[in-house]
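**Q** Dropping the sequence and predicted coords here.
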Amino acid sequence: MSDIESGAPEPDATGRLYFEDMTVGSRWVSPRRTITEADVSNFAGISGDFNPLHVDSVFAESGPFGRRVAHGALVLSIATGLRQQMPIFRGSLRALLELRTWRFLAPVHLGDTVAVITSVLSARETSKPDQGIVVQQLDVVNQRGDSVQSGELVSLMARREPAK
């Protein structure tokens with residue numbers, strides 16, 4: 001998978017894209033990341049979520065997924081991190097404003113590898129001339145290309161040049 005899909009705007013010399021570049025239909029694919037035992041253990045410790053479906057192999061074998069699964073919130077957190085690792089968003093994403101209609105579609109098992117496909121749904125100016133609001137569709141996919149999570153993310157993005 002490449003960072004930038006065909007037809008998407010090209011980044012500037014710094015490798016970034018800005019609010020002005022967020023045209024409806026533009027699409028990017030993040031780097032991939034494999035979900036590890038350490039990820040699940042650390043997330044359980046940080047979140048306090050020790051549900052046996054995540055941390056107990058024997059229990060999870062008799063559960064609905066047949067083996068341990070990663071926390072849904074862990075995968076969502078990894079998805080936001082994968083996007084932030086992309087040079088096109090680094091430095092131009094100012095804030096996450098809203099998470100809309102997030103859906104957990106399929107389990108993510110330890111050892112699965114995920115990536116995030118981002119598509120621009122809309123962009124609108126704000127009252128401040130140096131930023132705008134962008135609504136993006138996020139699809140988290142596993143190594144087989146199956147969607148495991150999806151939803152809309154509303155972000156505040158910097159402008160390359162302030163609006164006049």
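**A** All right, it came through fine. Numbering: from 1, shown residues only.
**Q** can you map out the helices along this structure?
**A** Ranges of helices in the chain, per DSSP state H, are 37-47, 52-55, 57-61, 72-85.
**Q** Check the gap between S57 and A73 for me.
**A** 20 Å (CB to CB, to the nearest Å). In short, each C-beta sits where N, CA and C put it, glycine included.
**Q** For these two, indicate the residue with more neighbours.
**A** A73 (13 against 10; other CB atoms under 10 Å).
**Q** who touches that one in this structure?
**A** Contacts for A73 (CB atoms under 8 Å, 6 or more residues apart in numbering) come out as F43, S47, D49.
**Q** let's see it at 10 Å
**A** Residues counted as contacts of A73 (CB atoms under 10 Å, 6 or more residues apart in numbering) are F43, S47, D49, W102, F104.
**Q** do the same with R90
**A** Counting by CB under 10 Å, 6+ apart, R90 touches T14, G15, R16, L17, R83, Q84.
**Q** between the residues you listed, which is nearest V120?
**A** Of all the contacts of R90, L17 has the smallest distance to V120: 10.0 Å, by CB to CB.
**Q** Neighbours of that closest one, how many?
**A** Number of residues near L17 (other CB under 10 Å) recorded here: 27.
**Q** Pretty sure it sits against A123.
**A** No - checked against CB atoms under 10 Å, the pair L17 and A123 is beyond contact range at 11.4 Å.
**Q** Can you work out which residues contact both of these two?
**A** Shared contacts of L17 and A123 (CB under 10 Å, 6+ apart): S26, M157.
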